[in-house]
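Peer 1: The sequence isn't on hand, but the structure is:
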């Protein structure tokens, strides 16, 4: 099971870049997470790029209007993906003006990290922290603060 | 109306420290946000310190089991606080083992930033970003990305 995190544009905020790096490093021992950045642009262009880059993956779009999961729910789903041998799970973070309806309709889940509108680079950090947390729980290893 | 953000212990993660600094700086022109750190410790000790430091404030505890607000809801509440001349609003972020029942019962609102369990330094960044976003909306100024 591999987590593929897809986002539009390079993080421009220093702290977000650092946070992304930190959690990607922490995810490394689990060997199962990759961040791919697609070129930024209009909602339509970004959504097309995100769909192309996640071809063949189970797709989860990040959207504040989506379902709210607890950490336990994410872990439960991840266990289920492992059992069903789902190989690649893609998390799609849109541009600041969101995903298109077409993208939303092609996703297996629409997930809200928060009901608050989060700056999308911050959303990326929140998602990575959560994937790291999920992996520590799955592996039964302590969460490194 | 002044936002007082109370958290336990200094942020130890570099990216979180930077994020906190960034949003505190961005909040400065609005002149209405202050971060106060109380000493870290047990849930009981931290909760007592947070209660003492927020004496006389409208209190909002951060807790993943709390209510989920949209940005619009926060703005609506903030407008209401302004109208009612509520002078100080305190946001209370607990230690990693959470708030005591006593603290929860003395708060006006229990707010969940996410249903996910967020590392508490990251929660601080998410909260500050949201308060900055709220102020830009209240002031009708653009959100600086």
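Peer 2: Received the coordinates, thanks. Source: prediction; values computed, not measured. Numbering: from 1, shown residues only, chains lettered A, B, ... in the order given.

Peer 1: switch to C-alpha atoms for all contacts and neighbour counts from now on
Peer 2: OK.

Peer 1: how about the helices in chain A?
Peer 2: Residue ranges of the helices in chain A, as given by DSSP state H, are A:14-27, A:43-53, A:71-83, A:101-105, A:120-139.

Peer 1: would TSV of the ones you listed with mean neighbour count, distance to residue B:42 and mean pLDDT be doable?
Peer 2: TSV is the format used below for the helices of chain A (neighbours: other C-alpha atoms under 10 Å in any protein chain shown; distance: least, C-alpha to C-alpha, whole Å; pLDDT from 0 to 100):
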stretch	mean neighbour count	distance to residue B:42	mean pLDDT
helix A:14-27	19	27	96
helix A:43-53	19	44	96
helix A:71-83	15	23	96
helix A:101-105	14	44	95
helix A:120-139	21	22	96
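
Peer 1: is it true that residue A:134 touches residue A:71?
Peer 2: Yes - Residue A:134 is within contact range of residue A:71, at 7.0 Å (criterion: C-alpha atoms under 8 Å).

Peer 1: so what's the residue nearest to the spatial centre of chain A bridging to?
Peer 2: In chain A, the residue lying closest to the centroid (C-alpha atoms, centre = their mean) is residue A:91, at 3.3 Å. Per DSSP bridges, the residues bridged to residue A:91 are residue A:5, residue A:60.

Peer 1: show me what contacts it?
Peer 2: Residues near residue A:91 by C-alpha atoms under 8 Å, 6 or more residues apart in numbering or on different chains: A:3-6, A:59-62.

Peer 1: picking up where we left off before, got CSV for the helices of chain A, with distance to chain B too?
Peer 2: Formatted as CSV, these follow (distance: least, C-alpha to the nearest C-alpha, whole Å):
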stretch, distance to chain B
helix A:14-27, 5
helix A:43-53, 17
helix A:71-83, 5
helix A:101-105, 20
helix A:120-139, 7
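
Peer 1: and the closest residue to residue A:85 other than its chain neighbours, what is it in contact with?
Peer 2: Spatial nearest neighbour of residue A:85, excluding adjacent residues (C-alpha to C-alpha, 6 or more residues apart in numbering or on different chains): residue A:1 at 7.1 Å. When contacts are counted by C-alpha under 8 Å, 6+ apart, residue A:1 touches A:32, A:81-82, A:85-89.
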